[in-house]
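Peer 1: okay, sequence plus prediction incoming.
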Amino acid sequence: MSHSFLTARGTALLAVSTGLIAANLYYIQPLIPTIAADLGIAVSTVQVLLTASQLGFALGILLILPLGDLIRPRTLITVLLSIEALALVTLALSTNAVVLGIVVTVVGITNLSAQVIVPAAANLAAPGSAPRVVSTVIGGLLTGILLARTVAGLIATPWGWRPVFIGAAILMVALIPVLLRVLGGAARPAAPGTRYSAILAGTVRIFRAHPELRIRSLYGALMFALFSLLWSTLALLLERSPYGYSEAVIGLFGLLGVAGALCATLLGRIRGLSAGTRTALLILVALIGAVALSAGATNLAALIVGILLVDVAVQGIHVTNQHVIYAVIAPSERGRANGVYMAGYFGGGVIGTALATLAWGVDGWAGVAVVGIAIVVIAGIVRLFDRPRTAPTSSDTAQVSTHA
């Protein structure tokens, strides 16, 4: 059955929506010292709770996101956003570490509605425009992740940390009618009568059948580990000497990452550069950025350059990964393939956050910088052993070459 294709206005609304949803997981990062002081708990405890939210997200992707093949996207998103809004209100009212830990986990699990939007947008795109639509939506998602820190800092400085999450809950409720309208034409990919167990089994089959999905999931995991390593410890560095910045100033550092998100969107539209070459160049950019960060403990210029380069590399590789995956995966399997990729992606984030806690405890920012360089080196080694593969040709994949 035919459906109306996604318009430019609809694509923009989906990009903004994914950004607002994804931001919910990241408002807390610049507020770690403030929340710890307000609740009377250790900073390391709040960092562990951040890991719990990412674990919840990865779990939701593996077990709940496959429902996107059985339930219409608009229905699944409505349920997830409603629960997430309630969890955000509860988070704002938290008075101890136990409640905080439970609700950040629930926020993590329900936050995957943004990942339901991405494949739905690709399936609603007009023939030949899926890469452009996906780039735009992902650019919005990444911008939301990065601006979350800025918004959180600016709100928390005059009014405290709790209004940040009240405002986020209101936004989630407001998004429901918007997404119901924009995604009205998105049908469930699976045939009627398909069982949940068959969807899960199909996810395993897709993972085993597509080497590009496996290698791109590994790139994504490594890069998001680097991203999480940086952003989960940056507030700890900036609040102390020689910087001593306030929440508002710390949050403004998120603006540096917006350049990375914009770069990711532009990279998704460049033709003539293979995915393998683009990945290698971005890994080199990440290495230069990680080295610059090692001097950032006392050098603000080096810190800014390092943040900018790492974010450009992380976001650029993420968009490249998504393009390659959508080029080799059939539309009916995109939801599950995206679930596999994002599970690996946020699994890397969990590892990065855990390594950040350990490295900071052992040697502060210097330890974090060493771990960051090591992660990029591993990504470079993976690229060296990543062999060329041939991608199928179609109107939707013409803009993406998966050759090394």
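Peer 2: Structure's in. What do you need?
Peer 1: secondary structure class for the residue nearest to residue 5 when sequence neighbours are not counted?
Peer 2: Spatial nearest neighbour of residue 5, chain neighbours left out: residue 126 (4.0 Å); criterion: Cβ to Cβ, 6 or more residues apart in numbering. For the C-beta atoms, the positions are set from N, CA and C on the backbone; glycine is no exception. Here residue 126 is recorded as coil under DSSP: H, G, I helix; E, B strand; the rest coil.
Peer 1: for the stretch 201-350 of the chain, give me the ranges with low pLDDT.
Peer 2: Low-confidence segments of the stretch 201-350 of the chain (pLDDT under 70): 260-261, 263-272.
Peer 1: tell me where the stretch 151-300 of the chain has helices.
Peer 2: Taking DSSP state H, counting those that start in this stretch, the helices of the stretch 151-300 of the chain run over residues 162-182, 196-209, 211-231, 234-238, 247-252, 254-267, 275-294, 300-328.
Peer 1: of the ones you listed, which is nearest residue 79?
Peer 2: Closest approach to residue 79 among these (Cβ to Cβ): helix 162-182, 9.9 Å.
Peer 1: now do the closest one, average pLDDT.
Peer 2: The average pLDDT within helix 162-182 is 95.
Peer 1: for stretch 25-38, same thing?
Peer 2: Stretch 25-38 comes out at a mean pLDDT of 89.
Peer 1: in that stretch, what's buried?
Peer 2: 25-36 (16 or more other Cβ atoms under 10 Å).
Peer 1: before we move on, what about stretch 97-106?
Peer 2: For stretch 97-106, burial by neighbour count (16+ other Cβ under 10 Å) applies to 97, 100-106.
Peer 1: quick check on residue 240: phi, psi?
Peer 2: Backbone torsions for residue 240, taken as degrees, to the nearest 10, come to phi -110, psi 170.
Peer 1: that older thread, a markdown table for the helices of the stretch 151-300 of the chain, including distance to residue 70 and mean neighbour count?
Peer 2: Listed next are those as a markdown table, based on distance: least, Cβ to Cβ, whole Å; neighbours: other Cβ atoms under 10 Å:
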| stretch | distance to residue 70 | mean neighbour count |
| --- | --- | --- |
| helix 162-182 | 18 | 18 |
| helix 196-209 | 6 | 15 |
| helix 211-231 | 21 | 24 |
| helix 234-238 | 40 | 22 |
| helix 247-252 | 39 | 21 |
| helix 254-267 | 31 | 21 |
| helix 275-294 | 31 | 21 |
| helix 300-328 | 21 | 24 |
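Peer 1: closest to residue 153 among the buried residues of stretch 25-38?
Peer 2: Nearest to residue 153 among those, with distances taken as Cβ to Cβ, is residue 30, at 4.8 Å.
Peer 1: that closest one against residue 147, yeah?
Peer 2: No - between residue 30 and residue 147 there is no contact under Cβ atoms under 8 Å: 11.5 Å.
Peer 1: now list whatever residues contact both of the two.
Peer 2: By Cβ atoms under 8 Å, 6 or more residues apart in numbering, residue 30 and residue 147 have these common neighbours: residue 254.
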